[in-house]
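> Structure of the sequence below:
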Amino acid sequence: MERRSAMSNVLDANELIWADHAIWIGRYQPFHLGHVRILRRSLSLLGMRHIIGLVSYEQNSSILESEAKHVRARNPFTPRERYVLAYLSLAAEGVIGDVDIIYVPYLEPSKWDRVDTYLPVASIFCTTNKDSADIERDSIFRRMGRRSILLDVSGLDIVNSSAIKDAILGGQPWQQYLHPAVHTYFESIDGPRRLAEAAS
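Coordinates of the predicted model:
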């Protein structure tokens, strides 16, 4: 699929002036170097405070018990563990002073408008053009009437949790995918094994 441009045809200068927070919501299972690179580009382009919203299934009591086992299998790391991974990574990069890390409940796409209650009023939702899922997320935000930015990640070394899992299962080093500042912590929480055993 052809990648769409970062900010053209999405927001004009007046809308960027209006906003004071850029919102990045995701599972971050785990928070890795791909996330760091995207956040650094976003910070440099937007020039506003950023919020990382860690999707927390634990905060959604509507998830049926029959679904809970599947949810836990796909999300091996707790909100606190993901917070620490994100904080240590961004602190080591020297940008933690420009970023807040919060928890937001898991919501079905049809209920994403409810996430507004957890966020500042003058917020812009952010996603990337790296794949069809992210592009669809941007479309959902805009259909809900929310301001949204589709960040161009061309030229960035983008990784995902599947690549990290494949490396672990293949006996390859996983350290190249996570910030050096979190290697010791990731090992201390048995991260490699837990990610390898997580459901796809």
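> How many neighbouring residues does S148 have?
Neighbours of S148 under the rule other CB atoms under 10 Å: 20. Using the backbone N, CA and C atoms, a C-beta is placed for each residue, glycine as well.
> List the contacts of it.
Contacts of S148 were listed using CB atoms under 8 Å, 6 or more residues apart in numbering, and they are 10, 124-127, 138, 141-142.
> Now the two most distant members of those residues.
Within the contacts of S148, C126 and R142 form the most distant pair, 12.3 Å apart (CB to CB).
> where along this structure do the helices fall?
With DSSP state H, the ranges of helices along the chain come out as 13-18, 33-46, 65-74, 79-92, 132-143, 161-169, 183-188, 191-197.
> got the CA coordinates for the fifth one in CSV?
To tie it back to what came earlier, the one meant is helix 132-143. Once side chains and other backbone atoms are set aside, the C-alpha atoms of helix 132-143 remain, and they are given as CSV (Å, rounded to 0.1, in the frame of the first residue of the first chain):
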residue,chain,number,x,y,z
SER,A,132,-2.8,-0.2,6.9
ALA,A,133,-3.8,-0.6,10.5
ASP,A,134,-2.3,2.7,11.5
ILE,A,135,-3.8,4.4,8.5
GLU,A,136,-7.2,3.0,9.4
ARG,A,137,-6.8,4.3,13.0
ASP,A,138,-6.2,7.8,11.6
SER,A,139,-9.4,7.5,9.6
ILE,A,140,-11.4,6.4,12.6
PHE,A,141,-10.2,9.4,14.6
ARG,A,142,-11.1,11.8,11.8
ARG,A,143,-14.5,10.2,11.3
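> Out of the helices of the chain, which gets nearest to Y106?
If you check each of the helices of the chain against Y106 by CB to CB, helix 65-74 wins as the nearest, at 7.8 Å.
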